[in-house]
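> Got a sequence here, can you build the structure:
(one chain, ligands or ions: 3)
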Amino acid sequence: MIILVMNAGSSSLKYQLYNMEDESVLAQGRVERIGMDASILVHEPAGKAEVNEVSEILDHNTAVRRLIDMITHKEHGVLESMKEIHAVGHRVVHGGESFKQSTIVTDDVKKEIRRLFDLAPLHNPPAMMGITAVEYNLPEVPQVVVFDTAFHQSMPQETFLYPIPMVLYRRHKIRRYGFHGTSHDYVSKLAAKTLGMPLESLKLVTCHIGNGASCAAIMNGRSFDTSMGLTPLEGLMMGTRSGDLDPAIVPFTMNKEELTLNEVNSMLNKHSGLLAISGIGSDMREIVEAMDAGDKQAKLAFDMYTYRLRKYIGAYAAGMNGLDAIVFTAGVGENSVAVRKAVCENLSFLGIELDDARNEVRSKEPRSITTDASRVKALVVPTNEELLIARDTDRLVKGIV
Ligand SMILES: Nc1ncnc2c1ncn2[C@@H]1O[C@H](COP(=O)(O)OP(=O)(O)O)[C@@H](O)[C@H]1O
Ligand SMILES: CC(=O)OP(=O)(O)O
Ligand SMILES: [Mg+2]
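Ligands and ions are numbered 1, 2, ... in the order given. As a prediction, the model looks like this:
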């Protein structure tokens, strides 16, 4: 079974092509700057030279056509014809309360994803454009949608409701949904395997820290709480997103700075976080480099970032009344020795004993970074959201529920 996995953003489209016989990646790539001048297409076929092209790609439909051209290209391609693609799996960020698991795309499913545009105006419309573009270019191929929110649908009311009038939940479904669910699901299962313990017996805090960042409290193999909320803005401090703040800051700032709703939204999503405090950038590599060179604002940004992460780990340990392991994943979690050190060293009261040499090991394998004697373990588990999407697509298309 050959499966194409797509992750569509507002101006980008990332893809991976899997051979599910051995779960190998035949090709991967991305189209960036869709609808802008000088769109970029990067295509990496396994065992062949990488392609980098700059051209005009006006919409997601053209992007899908271009990536199909690449996959079946005489020189850079990995398939003879697009007929070899059995199914396409899509990442859809918001599934609201309607989708508790992945599902095959039907007219009703599309209608429901459209209805959820309101709750995720930046994320769901491009995913829908990806689905429509595949329908147009590969009309015979079944499609599956995998939701960031689905894994967190197991949260109880006490953790998913906000203490605001209940009528807002009933009328508008204002509640915590949580995101990065495929990643929290994937790494919690792999963490249990790495620890050699049944997942159902473990209390875990998984930290998906990349561009977007969220923590999840995992109990009995299910999501019990998570730091992102109605939208992916709540919770941890991120590259350009503020995370938690006093909600009164919103009307106060709008008033003082004469900002519109759109402007304040953009301030909190695109001009806050590491970028705002450091004044340097949103990339943790740049922050650590500047901090090591003595930059005070970079150090402040780093300290705020790691402090806020520790607060969540402590809160979730209390929320679950226990903790067996914390799990670091995504760009920062998998790569930043400094972030992991700052978090773990200041959680010694919880029973976390960092092993510096283990923390400095660079590897793509799941591994422990605490000492053998450490009462609570810390693990690094590389995430793979695309593989989980491919597996769900494979299972659903084969009719296995
Ligand atoms: N070696 C590294 N050290 C510290 N941070 C890193 C390193 N490599 C990547 N990152 C961080 O990972 C982030 C990207 O994470 P990723 O999970 O790929 O994000 P996304 O999928 O949301 O684009 C970058 O912004 C960067 O800050
Ligand atoms: C939901 C979300 O924040 O996704 P990303 O980390 O890809 O921005
Ligand atoms: Mg990501």
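
> Those residues of this protein touching ligand 2, which are they?
Applying Cβ under 6 Å from any ligand atom, we find that the chain lies next to ligand 2 at Val93, Asp148, Phe179, His180, Gly210, Asn211, Gly212, Pro232. The C-beta positions use only the backbone N, C-alpha and C, and glycine is treated the same way.

> Apply the buried test to the residues you listed and list what passes.
Buried residues within the residues of the chain next to ligand 2, counting neighbours by 16 or more other Cβ atoms under 10 Å: Val93, Asp148, Phe179, His180, Gly210, Gly212, Pro232.

> Please name the residues that touch the nearest residue to the fifth one once chain neighbours are set aside.
With Cβ to Cβ, 6 or more residues apart in numbering as the criterion, Gly210 has its nearest non-adjacent residue at 3.4 Å, and that residue is Ala330. Listed by Cβ atoms under 8 Å, 6 or more residues apart in numbering, the contact partners of Ala330 are His180, Ser183, His208, Ile209, Gly210, Ala213, Thr383.

> Out of those, which two sit at the greatest distance?
With Cβ to Cβ as the measure, no two of the contacts of Ala330 lie farther apart than Ala213 and Thr383, at 12.3 Å.

> These two: who's more crowded?
Ala213 (28 against 25; other Cβ atoms under 10 Å).

> The more buried one and Leu309, how far apart?
Using Cβ to Cβ, to the nearest Å, Ala213 is found at 8 Å from Leu309.

> intersection of neighbour lists for the two?
Contact criterion Cβ under 8 Å, 6+ apart; residues shared by Ala213 and Leu309: Cys207, Leu236, Met237.

> Pull the contacting residues for the residue in the chain that ligand 2 sits nearest to.
Of all residues in the chain, Gly212 sits closest to ligand 2, at 2.4 Å by Cβ to the nearest ligand atom. Applying Cβ under 8 Å, 6+ apart to Gly212 gives the contacts Phe179, His180, Met228, Pro232, Met238, Gly239, Arg241.

> between those residues, which is closest to ligand 1?
Using Cβ to the nearest ligand atom, Gly239 comes nearest to ligand 1 of the contacts of Gly212, at 5.4 Å.

> Is the closest one in a helix, a strand, or coil?
Of the three states, Gly239 takes coil according to DSSP: H, G, I helix; E, B strand; the rest coil.

> That one - how many residues pack around it?
Count around Gly239 with other Cβ under 10 Å applied: 22.

> what's the helix or strand for Ala30?
Let me fix one detail, which is that residue 30 is Arg and not Ala. Here Arg30, judged by DSSP states H and E, is contained in strand 24-32.

> what helix or strand does the residue nearest to Arg30 when sequence neighbours are not counted sit in?
What sits nearest to Arg30 in space, not counting adjacent residues and going by Cβ to Cβ, 6+ apart, is Lys14, at 4.5 Å. Counting by DSSP H and E, the element that carries Lys14 is strand 12-19.

> What angle do strand 24-32 and that strand make with each other?
Counting by axes from the mean of the first three to the mean of the last three Cα atoms, to 10 degrees, strand 12-19 points 170 degrees away from the direction of strand 24-32.

> now strand 12-19: how far from the chain's centre is it?
Centroid separation between strand 12-19 and its chain, computed with Cα atoms, centre = their mean, to the nearest Å, is 15 Å.

> Direction included, what does that strand pair against?
Note on strand 12-19: by DSSP bridges, its sheet partners are strand 2-8 (antiparallel), strand 24-32 (antiparallel).

> Kindly provide the distance from Leu13 to Gly29.
Note on Leu13: its distance to Gly29, by Cβ to Cβ, is 9 Å.

> who touches both of the two?
Shared contacts of Leu13 and Gly29, defined by Cβ under 8 Å, 6+ apart, are found at Leu67.

> biggest helix in the protein by residues?
Scanning the chain for the helix with the most residues, using DSSP state H, yields helix 296-320.

> Mind listing what's buried along that helix?
Buried residues in helix 296-320, counted by 16+ other Cβ under 10 Å: 298-299, 301-302, 304-306, 308-310, 312-314, 316-317, 319-320.

> just stretch 265-272 next, same as before
In terms of neighbour count (16+ other Cβ under 10 Å), stretch 265-272 has its buried residues at Asn265, Met267, Leu268, Asn269, Ser272.

> what helix or strand is the first one on?
Under the criterion of DSSP H and E, Asn265 resides in helix 261-270.

> tell me the domain boundaries of the protein?
The chain resolves into domains spanning 2-147, 197-385 when parsed by automatic domain parsing.

> now the longest one: how far from the chain's centre is it?
Meaning domain 197-385. Worked out by Cα atoms, centre = their mean, domain 197-385 lies 13 Å from the chain centre.

> What ranges does the stretch 51-200 of the chain have for its helices?
With helices called from DSSP state H, counting those that start in this stretch, the stretch 51-200 of the chain shows them at 60-71, 107-115, 124-137, 157-160, 166-172, 181-195.

> how about the longest one, does it get close to ligand 1?
No. For helix 181-195 and ligand 1, the contact criterion (Cβ under 6 Å from any ligand atom) is not met; the two come no nearer than 8.7 Å.

> which residues are in contact with that helix?
91, 146-152, 198-199, 202, 204, 206, 208, 214, 216, 218, 221, 223, 226, 324-325, 327, 329-330, 366-368, 377, 379, 381, 383-385, 387-389.

> List only buried entries from those residues.
Buried by 16+ other Cβ under 10 Å: 91, 146-152, 199, 202, 204, 206, 208, 214, 216, 218, 221, 223, 226, 324-325, 327, 329-330, 366, 368, 377, 379, 381, 383-385, 387-389, out of those.

> Which of the three states applies to Ser282?
Secondary structure, three-state DSSP: Ser282 is coil.

> Any buried residues in the strand holding Arg30, and which?
For strand 24-32, a neighbour-count test (16+ other Cβ under 10 Å) marks Val25, Leu26, Ala27, Gln28, Gly29, Arg30, Val31, Glu32 as buried.

> Please consider this matter closed, and thank you.
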